[in-house]
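Peer 1: the amino acid sequence is not available; the structure is as follows:
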């Protein structure tokens, strides 16, 4: 089951902000394997390590907040 976009935003945005970033956009593909893509911004730039940290934090929050959310694949 892929939850609606607003539900995901409500979970993801506080996590992204707590990491010091702004949520620019979020997409969920509904292809064979659902993929969540998160686009973040920081006035000082965004590194690969920043992306990895946000990805881990968001993944943990999605698991904790709603274990029924099944988004497979990369969380960018």
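Peer 2: Right, received. Where do you want to start? Being a predicted model, the structure only gives us computed values, none of them experimental.

Peer 1: can you map out the strands along the protein?
Peer 2: Assigned by DSSP state E, the strands in the chain fall at 22-29, 35-41.

Peer 1: okay, these, which one's buried deepest?
Peer 2: Among those, ranked by average contacts under mean count of other CB atoms under 10 Å, first place goes to strand 35-41 (a mean of 17). (Each C-beta comes from the backbone N, C-alpha and C, glycine too.)

Peer 1: can you give me the offset of that one from its chain's centre?
Peer 2: Distance, stretch centre to chain centre, for strand 35-41: 6 Å (CA atoms, centre = their mean, to the nearest Å).

Peer 1: what's it packed up against?
Peer 2: For strand 35-41, the helices and strands in contact under the criterion 3 or more CB pairs under 8 Å, 6 or more residues apart in numbering; DSSP states H and E are helix 5-18, strand 22-29, helix 48-65.

Peer 1: which one of these lies closest to residue 35?
Peer 2: strand 22-29 (4.7 Å; CB to CB).

Peer 1: what's next to the closest one, contact-wise?
Peer 2: 2, 5, 8-9, 12-13, 16-17, 34-42, 71 (CB atoms under 8 Å, 6 or more residues apart in numbering).

Peer 1: how about low-confidence regions in this protein?
Peer 2: Across the chain, the ranges flagged by pLDDT under 70 are 1-3, 66-76.

Peer 1: and the residue in the chain sticking out farthest from the centre, how far from residue 24?
Peer 2: Distance to the chain centre peaks in the chain at residue 44, reaching 20.1 Å (criterion: CA atoms, centre = their mean). From residue 44 across to residue 24, the span is 15 Å (CB to CB, to the nearest Å).

Peer 1: I'd like the strands of the chain written out as a markdown table, with distance to residue 49 added.
Peer 2: As requested, these are exported to a markdown table (distance: least, CB to CB, whole Å):
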| stretch | distance to residue 49 |
| --- | --- |
| strand 22-29 | 17 |
| strand 35-41 | 12 |
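
Peer 1: how long is stretch 9-25 end to end?
Peer 2: Separation of the first and last residues of stretch 9-25 by CA to CA, to the nearest Å is 9 Å.

Peer 1: I'd like the numbering to begin with 153 instead of 1 from here.
Peer 2: Let's use 153 as the start, then, which means that last one is stretch 161-177.
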